[in-house]
Each structure stands twice: as structure tokens, then as C-alpha cells.
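>>> No sequence on hand, only this structure:
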């Protein structure tokens, strides 16, 4: 297990002081919109110290530095000014005083940066969806296992009481034997089609594109500040998996948790007859259970249908039919799922204990794989049979090519 660095006392200081040996030292890769929320979550943990960040957009990197230094100055009274910034993330990874990294770059960068970080023995918290392709997800799992690091996927819904209670109701049979599962999330990824705009000063666009092909810059991909909507790189094949992957990595993850299939993925993917349809994918597990990418009228959510009831869950509701099921108390003799009240602290706790966290890299890989394979199903428009053990389609060379991608030099792992 990778060791934990000791932060010098003069760096920390101030109020709410925690002994240096108790601090886990963090670096962040990717200072875009998501980084602000993640920084807030980690900096408020008493055993965290965020000391460095990297990004290819100078304005965002400077803004992130100011955010961190202001937080520590206001909340520790230390006047902390030691935050370091890097354009090249590999320079951050070379620092021996950094124990762990938060990866919050666009999806097309996740695998390369995660493998490099793991090979430098850094523990990893990587945003979801974990990977752009199935092959990249497997590479991330292999690198984490080879280097014996703790890798948490940012699918934080598993650290939420509502989702855990919903899944415990399902796994313990409170809605009877499962008949099917419905997951409503957004659309599959499409080819990039935004018009070219002038590249802003201070943005290395070639490096932003990284292992993906160089596409035309558009502000919607990399907005200059944090205050607008989330960037649209999620929508495009070159940089993301569509909202099918972006939200699917949350909601298919909950479906997997509730039906007890974290170790695998469906074996058959049947797209809708209409090639233009953006919902309607049917997925079948090895035991015959069917899961659908379907809008059942409740927003982005999951619906479990059993022989004795129905359960629907999202970030804003947990509803059941019969209604009384939702408020039942899970018995002490029932199966209990991993209990985490704080997704970020859970990662820290596992770094100390060496245990695997609530959304370990393999779990995140399988949840992302469902989304990535569903995308391939929509793109090809034909039924796909998948071997979860080999992570390959059966007798389909064209589809198998889509399980990976050719990465652009020199941005490879």
C-alpha cells in the first residue's frame, strides 16, 4: 500500500489543527467547473490538505489557486500561500509529498491520467463516468490493482441514505422477486459538430484534446469561468459518452447496486427498432433479468419492478407501491450494503485501512461499461452479445473495435 506523506507543521498551522501525521496530502488534476465543488468537499475534511493543481487553462488554474488559498486563509487562520499550480499534470505526479490525486478532467483524459497516477503510487479519486471506453476502464482497474492503491469512483450516490435504503429494500426482497429494472438518463453520444471559435489566450487546446483527435475549439466545451452551465464536452463521442454515460454512471450504478451485479454487466444489448431513438435500449443479464434505458416519467431515476411491488428512486424521491414499503425498517438479520455517510471521507478512511472503498474502481468500471456498451448499441443499431469475462462482443469485429480507441501521441498510457 502506498504510504502517506507528512505535511510540515508550518504549512498547516492555524485553528482546527490536526497533527501532520493525520493529514492526507492532495493534488487535483482538472480545475474546471466540477473542481470547485470537489475542493469544497475535500478541504472541509479535517484530515485533508490540498496543496497543488494542474490544468491546461491558465485562467481556471489561477482561479482555483485563489479559491484554495482563500479557503485556507479564512478557515485555518494560517494565511496559507503555498499552493502550487502546473500546466502539465505529470509534474504534479512527480511530487513525493502528494499522497493522492483528484481527477476531474473530461472523460477522454481519465484513463491516461489515472494509469499514470497509479504508476506513481498515488491514491485516486476519479470523477464519473470512469472511462470513455471499456478497454480504458479495464486499464484503470489493472493499474490500481498492480500498484495497490485505493481508487474511489466519484459516483457519490452510493454514500446517500436514500439510495442505500432503496437498494437494501430491493436486495432483501421487499418488492418480491425482481421482474425488470428501468433506468432513465439522457441521450447517447453524438459526433462533434460545434462551430470553430477563436482559442482563448492561456488555453493549450492541443493538450486539452489530449489523447482524442484535435477538434475545433468552442466555448461550450471549455467555458472561461465556473458560473455557467456544465460544459458540453459530455455530449460528444470524442470527449464523452453523452448524457447516457454522464448520468448513466450514476443511475445504472444504483441499478447495479440494487440487483447485486457490481461484478458484471448485461450479456445482451437490444437497441430500439427506430435508429433515431434515444431511449429504448433493452439489456439482459446472464440470469435473464431485463434492464431498460427508458423514460418512465420521473426524470433521471431508477425503477425496480418486482412481483410484490415497485420502487422508484432518484435524488429527490423514494416512492413505492404499495406506499408502506418505502418506510419499512431494514431488519438486523437482512443483508446490509456498504454504509458510507461521506463519499470523500470514505476514500480517506480506506487509504488508511487499505480496504476497497464504496465505489471501488472495478465497480465504477462496470457501471461505466454498461453506458459505453449501450452507446455502441445505439450507434450500430443491432443486437450485441457481450462476454463480461472477456469484455468482448461475441462474433462482432466492428463492435469490438468500438470497445477501445486509438489514442493520439504523445497522450497515451
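Yep, it's here. Predicted, not measured: the structure shown is a model, and the values here were computed from it.

>>> For residue 325, see how far away the spatially most central residue of the chain is.
Nearest to the mean C-alpha position of the chain, counting by CA atoms, centre = their mean, stands residue 128 at 1.3 Å. Residue 128 is 29 Å from residue 325, where distance means CB to CB, to the nearest Å. The C-beta positions use only the backbone N, C-alpha and C, and glycine is treated the same way.

>>> How about the contacts made by the residue nearest to the centre of the chain?
Residue 128 makes contacts with 153-155, 249-250, 253, 364, 367-368, as judged by CB atoms under 8 Å, 6 or more residues apart in numbering.

>>> out of the residues you listed, which are inside strands?
residue 153 (DSSP state E).

>>> Need the contacts of residue 128 in CSV (columns: distance to residue 147).
CSV is the format used below for the contacts of residue 128 (distance: CB to CB, whole Å):
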residue, distance to residue 147
153, 17
154, 20
155, 22
249, 23
250, 27
253, 24
364, 17
367, 22
368, 20
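
>>> closest to residue 63 among the contacts of residue 128?
Of all these, residue 63 sits closest to residue 154, with 21.1 Å by CB to CB.

>>> need the contact list for the closest one.
With contact taken as CB under 8 Å, 6+ apart, residue 154 is in contact with 38, 125-128, 343, 359.

>>> can you check residue 399 too?
So residue 399 contacts 376, 380, 384, 393 (CB under 8 Å, 6+ apart).

>>> Mind checking which of the residues you listed land in helices?
376, 380 (DSSP state H).

>>> before we move on, the earlier item: just the buried residues from the contacts of residue 128, in PyMOL please.
Buried residues among these (16 or more other CB atoms under 10 Å), as a PyMOL selection:
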select buried, resi 153+154+155+249+250+253+364+367+368
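
>>> Adding distance to residue 348 and pLDDT, write the contacts of residue 128 out as a markdown table.
Formatted as a markdown table, these follow (distance: CB to CB, whole Å; pLDDT from 0 to 100):
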| residue | distance to residue 348 | pLDDT |
| --- | --- | --- |
| 153 | 15 | 98 |
| 154 | 14 | 98 |
| 155 | 17 | 98 |
| 249 | 22 | 98 |
| 250 | 22 | 98 |
| 253 | 21 | 98 |
| 364 | 17 | 98 |
| 367 | 22 | 98 |
| 368 | 23 | 98 |
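
>>> Nearest to residue 33 among the contacts of residue 128?
residue 154 (13.7 Å).

>>> could you pull out the helices for the stretch 251-400 of the chain?
343-353, 361-380, 397-401 (DSSP state H, counting those that start in this stretch).

>>> looking at those, which is buried most?
Highest mean neighbour count among those (mean count of other CB atoms under 10 Å): helix 361-380, with a mean of 26.

>>> what residues are up against residue 42?
26, 48, 50, 102, 344.

>>> quick one: contacts for the last one?
Same thing as residue 344. By CB under 8 Å, 6+ apart, the neighbours of residue 344 are 41-42, 45, 125.

>>> Tell me how far residue 309 lies from residue 158.
23 Å.

>>> swap in residue 132?
Taking CB to CB, one finds residue 132 at 22 Å from residue 158.

>>> Of those two, which one has the most company?
Counting neighbours by other CB atoms under 10 Å for residue 132 and for residue 158 shows that residue 132 has the greater number, 28 against 23.

>>> Would you double-check that that one falls in a strand?
No. Counting by DSSP: H, G, I helix; E, B strand; the rest coil, residue 132 is not found in a strand; it is coil.

>>> residue ranges with poor pLDDT in the stretch 151-300 of the chain?
For the stretch 151-300 of the chain, no stretch has pLDDT under 70.

>>> Tell me, how many residues neighbour the closest residue to residue 377 other than its chain neighbours?
Leaving aside its chain neighbours, residue 377 sits nearest to residue 269 (4.1 Å; criterion: CB to CB, 6 or more residues apart in numbering). By the measure other CB under 10 Å, the count of residues near residue 269 is 27.

>>> mind listing what residue 269 touches?
281-284, 373-374, 376-377, 383-384, 386 are the contacts of residue 269 under CB under 8 Å, 6+ apart.

>>> Can you list the buried residues in stretch 145-157?
147, 149-157.

>>> coming back round to it: secondary structure class for the residue nearest to the centre of the chain?
Criterion first, three-state DSSP; result for residue 128: coil.

>>> what's the spacing between it and residue 272?
Separation of residue 128 from residue 272 (CB to CB): 25 Å.

>>> do the same with residue 223
Taken as CB to CB, the span from residue 223 to residue 272 is 33 Å.

>>> Ok, residue 297 next?
For residue 297, the distance to residue 272 - CB to CB - is 18 Å.

>>> Just want to know which of those two has more residues nearby.
When residue 297 and residue 272 are compared for neighbours, residue 272 comes out ahead with 17 against 9, by other CB under 10 Å.

>>> and the spatially closest residue to the more buried one that is not a sequence neighbour, what does it touch?
Sequence neighbours aside, residue 280 is the residue nearest to residue 272 in space, at 3.1 Å (criterion: CB to CB, 6+ apart). Applying CB under 8 Å, 6+ apart to residue 280 gives the contacts 271-272, 274, 292-294.

>>> Which ones among those residues map onto strands?
Reading strands off those with DSSP E, I get 292-293.

>>> That concludes my questions; thank you for your assistance.
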